[in-house]
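[1] With the sequence up front, the predicted model follows.
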Amino acid sequence: MLEFAILGFLYDEPLHGYDLRKRLAALTGHVRPIADGTLYPMIKRLETAGLLTRDLQPGQIAAPRHMLSLTPAGRAELLRRLREPDELFITDENRWFALLAFLRHLESHTEQAAVLRRRLGFLAQPASFFWDGDRPLRAADFDDPFRRGLFTIATATTRTELRWLRDTLADLEAPGAPKSAAGDVTT
């Protein structure tokens, strides 16, 4: 997910390492803080793979800083990952949010809708945190207020997301809607 987010933020614009780290922390930091020992080796791997470049630029006050930019191969890789996200990016909520943060980079509404349809299909399947054999348990099945709370919050979140997915798909697939994300469709 971190590699994906690096590609996504650098697709938006070139960034200094420190600025990239701040943006990554805002997107993913609530899940897991990003240590320099994780971020900078990953940047080096992406650079070695030819997906980004690092150019030295004079600092405003201090020492020179490294400006990170995506290469054409890096841009193509992000678009590939957006078009064909791994299953975990559809099923894992944190990865899904990272995917949503950059899905606008796909120019085709058809491609955007295909990704949203995968998420919709996942959410439409029966799910539960706890099961009694083959039967999914629901909030009403528990006397424990904390498990009821878990189910209540999860159910409300899922219902909200399902509504958003259906509304956004209707906008993307509306007759006469522009076929490019550069069009005027409001989502």
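    That came through fine.

[2] This structure: strands as residue ranges?
    15-16, 52-57, 65-70, 131-132, 135-136 (DSSP state E).

[3] I'd like the average pLDDT over the lengthiest helix in the chain.
    Selection of the longest helix in the chain by residue count, based on DSSP state H, yields helix 145-172. For helix 145-172, the mean per-residue pLDDT is 93.

[4] Now that helix: buried residues?
    Along helix 145-172, these residues count as buried under the neighbour rule (16 or more other Cβ atoms under 10 Å): 151, 165, 168-169, 172. C-betas here are computed from N, CA, C, even on glycine.

[5] Give me the residues contacting stretch 140-160.
    123, 129-130, 132, 138-139 (Cβ atoms under 8 Å, 6 or more residues apart in numbering).

[6] swap in stretch 14-30?
    Counting contacts by Cβ under 8 Å, 6+ apart, the residues outside stretch 14-30 that touch it are 1-2, 5-6, 9-10, 33-34, 36, 39-40, 43, 57, 65-70, 94, 97-98, 101.

[7] In that stretch, which residues are buried?
    Neighbour-count burial for stretch 14-30, counted by 16+ other Cβ under 10 Å, picks out 14-15, 17, 20-21, 23-24, 27-28.

[8] Just the ones in helices from those, please.
    In helices, judged by DSSP H, the following of the buried residues of stretch 14-30 are found: 17, 20-21, 23-24, 27-28.

[9] how close does the residue of the chain positioned farthest from its centre sit to residue 40?
    Distance from the centre of the chain peaks at residue 143, with 35.5 Å (Cα atoms, centre = their mean). Distance check for residue 143 against residue 40: by Cβ to Cβ, to the nearest Å, it reads 50 Å.
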